[in-house]
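*Asks:* Take this sequence and fold it.
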Amino acid sequence: MGEEPPASGPPLRTVESVFVVSEIHTDRDGVVYVGRPRVDPETVMRELWPAFHEDGYDLELSVRNDRYALVARPHSVGLDGVPWTNLALFVATVVSTLFAGALWYQIDPIANPGEIWRAWPFTVAILFVLGVHEMGHYVMSRYHRVNASLPYFIPVPTLIGTLGAVIKMNGRMPSRKALFDIGVAGPLAGLVATVVVTVVGLHLDPVHAPEELAESADAIELRLGYPPLLEGLAAAFDRPLYRDDATTMVNPVVIGGWVGMFVTFLNLIPVGQLDGGHILRSMIGGAQEAVAALVPGALLALAGYLYYVSGYGAQAVSVWVLWGLLTTLIAAAGPVRPVVEERLGWPRFVLGVVTFALGLLCFVPVPFEIVS
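*Replies:* Next up, the predicted model:
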């Protein structure tokens, strides 16, 4: 029969319960079991993948020239050396958010580049809410032995200096429970960080713009739409939001909280491999794809309503046009399909419903509007 299976792997009798092994050998890919399945290939993977995964292997079933082979590759969920790319992107994002934050603090970063360090509270707020969100995913990935990278921050010269952060997951998802836990951990952890940042920011001094600048004919005003969660926190702590004061705005740390809420809502859109797609796929199985197919149309309909009925400008509704197009592509790519399709227990199901409800508290129809 060839070589024996690895001592750390599942016993041969476990494999042969669904797969008749005629040969075992090792190569650079790992351990290869050559033979034929006793049942359909999907059942083979569903029965054997958890056992191999528990023993530290990723499993694939391949077919070449009518010969079946189970390939078991050792996997690691730890760090492999110094994550230089992650560190470089993090440093670049620190710089880009300091530059963007300077504008919120009424500092000209071009004329006074040495003063941008004063925007450090904004940078800490942004990186904290984004980092905690992604670390929620990372910690639960490690818990379920799914290989995941550390967060990659994305530095871009926008009004907040970044397009967010992502982690990269490799290998198959073990189960719907693992998919749910990994998917829900990011929004919930990020939302806790967002609330902390928002409350701190509401208690910091507001920022004042020079009156002559606010009254200038060339002045451009950025109006943020505040979601119910931010409105509620401001009311709970009796803190003003300075809506009607053209020369005063909330402390930029509050903008970090606003970003956290906006990111939470976007991530909970239930399509494809967004967090909301992971959570809903775990909760209702394959029916999630039917829901995801409706989402792009709903977002485009929202944009149309705001533009044609409510009278908002094209710029104010463009975010939903963009996300309508993006979710079309994301939904077409499909969701993650876990190996084990067991139903979630009711505690997780209820937590999923609560998470989507919290996401709705982070929604605002017009997130921002630029007014000349």
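
*Asks:* quick one: least confident helix or strand in this structure?
*Replies:* Lowest by mean pLDDT, DSSP states H and E among the helices and strands of the chain is helix 211-214, with a mean of 59.

*Asks:* Could you point out the helix or strand that follows that helix?
*Replies:* strand 221-224 (DSSP states H and E).

*Asks:* Check what contacts that following strand and list those residues.
*Replies:* Under the criterion CB atoms under 8 Å, 6 or more residues apart in numbering, residues Leu159, Ala246, Ile255, Trp258, Pro367, Phe368, Glu369, Ile370, Val371, Ser372 lie in contact with strand 221-224. Using the backbone N, CA and C atoms, a C-beta is placed for each residue, glycine as well.

*Asks:* would Thr264 count as being in a helix?
*Replies:* Yes - secondary structure assignment places Thr264 in a helix (DSSP: H, G, I helix; E, B strand; the rest coil).

*Asks:* mind checking how far it is from Leu188?
*Replies:* Look at Thr264 and Leu188: by CB to CB, to the nearest Å, they are 9 Å apart.

*Asks:* Could you tell me which residues touch both of these two?
*Replies:* Contacts common to Thr264 and Leu188, judged by CB under 8 Å, 6+ apart, are Leu358.

*Asks:* between the two, which one's more packed in?
*Replies:* With neighbours defined as other CB atoms under 10 Å, Thr264 and Leu188 compare such that Thr264 has more, 27 against 17.

*Asks:* tell me which element the nearest residue to Ala119 once chain neighbours are set aside falls in.
*Replies:* Spatial nearest neighbour of Ala119, excluding adjacent residues (CB to CB, 6 or more residues apart in numbering): Gly101 at 3.0 Å. Counting by DSSP H and E, the element that carries Gly101 is helix 84-104.

*Asks:* could I have the helix or strand just after that helix exported to PDB, CA atoms only?
*Replies:* Per DSSP H and E, helix 84-104 leads on to helix 120-143 as the next helix or strand towards the C-terminus. Below are the C-alpha coordinates for helix 120-143, written out as PDB (Å, rounded to 0.1, in the frame of the first residue of the first chain):
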ATOM      1  CA  TRP A 120      -3.000  62.200  16.300                       C
ATOM      2  CA  PRO A 121      -6.300  61.800  18.200                       C
ATOM      3  CA  PHE A 122      -8.100  61.500  14.900                       C
ATOM      4  CA  THR A 123      -5.600  58.900  13.700                       C
ATOM      5  CA  VAL A 124      -5.800  56.900  16.900                       C
ATOM      6  CA  ALA A 125      -9.600  56.900  16.600                       C
ATOM      7  CA  ILE A 126      -9.700  55.700  13.000                       C
ATOM      8  CA  LEU A 127      -7.100  53.000  13.400                       C
ATOM      9  CA  PHE A 128      -8.600  51.800  16.700                       C
ATOM     10  CA  VAL A 129     -12.100  51.300  15.300                       C
ATOM     11  CA  LEU A 130     -10.800  49.700  12.100                       C
ATOM     12  CA  GLY A 131      -8.200  47.600  13.800                       C
ATOM     13  CA  VAL A 132     -10.500  46.200  16.500                       C
ATOM     14  CA  HIS A 133     -13.000  45.300  13.900                       C
ATOM     15  CA  GLU A 134     -10.400  43.300  11.900                       C
ATOM     16  CA  MET A 135      -8.800  41.800  15.000                       C
ATOM     17  CA  GLY A 136     -12.300  40.500  16.000                       C
ATOM     18  CA  HIS A 137     -12.200  38.400  12.800                       C
ATOM     19  CA  TYR A 138      -8.600  37.400  13.300                       C
ATOM     20  CA  VAL A 139      -9.000  36.200  16.900                       C
ATOM     21  CA  MET A 140     -12.100  34.000  16.000                       C
ATOM     22  CA  SER A 141     -10.300  32.700  12.900                       C
ATOM     23  CA  ARG A 142      -7.500  31.500  15.200                       C
ATOM     24  CA  TYR A 143     -10.000  30.000  17.600                       C
END
